[in-house]
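J.: predicted model and sequence below, questions to follow.
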Amino acid sequence: MYSEEELLSLSGIQHFYFCKRQWALIHVEQQWAENRATMEGKFIHENADNPFFIESRKNTFISRAIPLVSYNLGFYGIADIVEFTKVKKGIVLQNKEGFWKPNIVEYKRGKPKEDKRDIVQLVLEVLCLEEMLNYNISSADFFYNETKRRVKVKMTDDLREDVTNLAKSMHDIYKNRTTPKAEKGKHCKSCSLVDICMPRLTNKKANIANYIEKYCKLGDDDN
Ligand code: SF4
């Protein structure tokens, strides 16, 4: 179990999946602190008009901006929308009659990504909500603004295990304050931190370190 002080932002898991170094620069070294604050401010501003806003339809209602937390995994965050549908067997809600099934709907600006970076965030949100409600959730949805489509994601055992392992790695890196070295690749082209990360230089430093280590060893052997 993690304490309040140890909780990490769950939205960081998408950065971590994309590039561990990018996540560490943002969340461990706080290199992007200003941008992050701006973004969080924007998010709060966009949702300020309707925090916990509830819309109802027959047998279904939705709640917006639901705070999430998992003390088992050590994460906190916000779910864009949780839909509740009336079912025969489900959870009990305050001021609502009957039983209800929760379903997270995460809004994304673009279209579905080729990799799993959005999915790992959604799974982590589900794991948080499951812990909070003590209820097993079998799937969750994305709504992609560009395609105006919902995409359902099943919470498989493999996805749950992958996300649990990612969560542990994030805590290990955060605890040790060790920013991983740059792994220069195609992903660097779309990275907003490329000027801060300087992947070429980081690799060069690593190469120089390898070179020195190699030739020092050779020197030792020669002696
Ligand atoms: S520039 Fe590349 S290695 Fe550096 S943080 Fe961005 S994606 Fe990661």
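T.: In hand now; what should we look at?
J.: please make it C-alpha for all contacts and neighbour counts, starting now.
T.: OK.
J.: contacts for stretch 17-25, please.
T.: Defining contact as C-alpha atoms under 8 Å, 6 or more residues apart in numbering, one finds that stretch 17-25 is touched by 12-13, 15-16, 31-32, 116-117, 120, 166, 173-174, 178-182, 187, 193, 197.
J.: can I have the buried ones of those residues as a PyMOL selection?
T.: Command for PyMOL that selects the buried part of those, burial taken from 16 or more other C-alpha atoms under 10 Å:
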select buried, resi 12+13+15+16+31+32+117+120+166+174+179+182+193+197
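J.: and the ligand, which of the contacts of stretch 17-25 reach it?
T.: Counting by C-alpha under 6 Å from any ligand atom, A182, H187, L193, C197 from these sit close to the ligand.
J.: those residues: which two are farthest apart?
T.: H187 and C197 (12.7 Å; C-alpha to C-alpha).
J.: in this structure, which spans are helices?
T.: Secondary structure of the chain (DSSP state H): helices located at 12-18, 20-23, 33-48, 117-133, 157-176, 194-197, 199-222.
J.: now render the ones next to the ligand among the contacts of stretch 17-25 as TSV, adding distance to K152 and pLDDT.
T.: Listed next are these as TSV, based on distance: C-alpha to C-alpha, whole Å; pLDDT from 0 to 100:
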residue	distance to K152	pLDDT
A182	33	90
H187	26	87
L193	31	87
C197	35	87
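J.: would you mind splitting the protein into its domains for me?
T.: 4-180, 181-223 (automatic domain parsing).
J.: who's the nearest residue to K152 once chain neighbours are set aside bridged to?
T.: Among residues not flanking K152 along the chain, D141 sits closest, at 4.4 Å (C-alpha to C-alpha, 6 or more residues apart in numbering). Beta bridges link D141 to V105, K152, judged by DSSP bridges.
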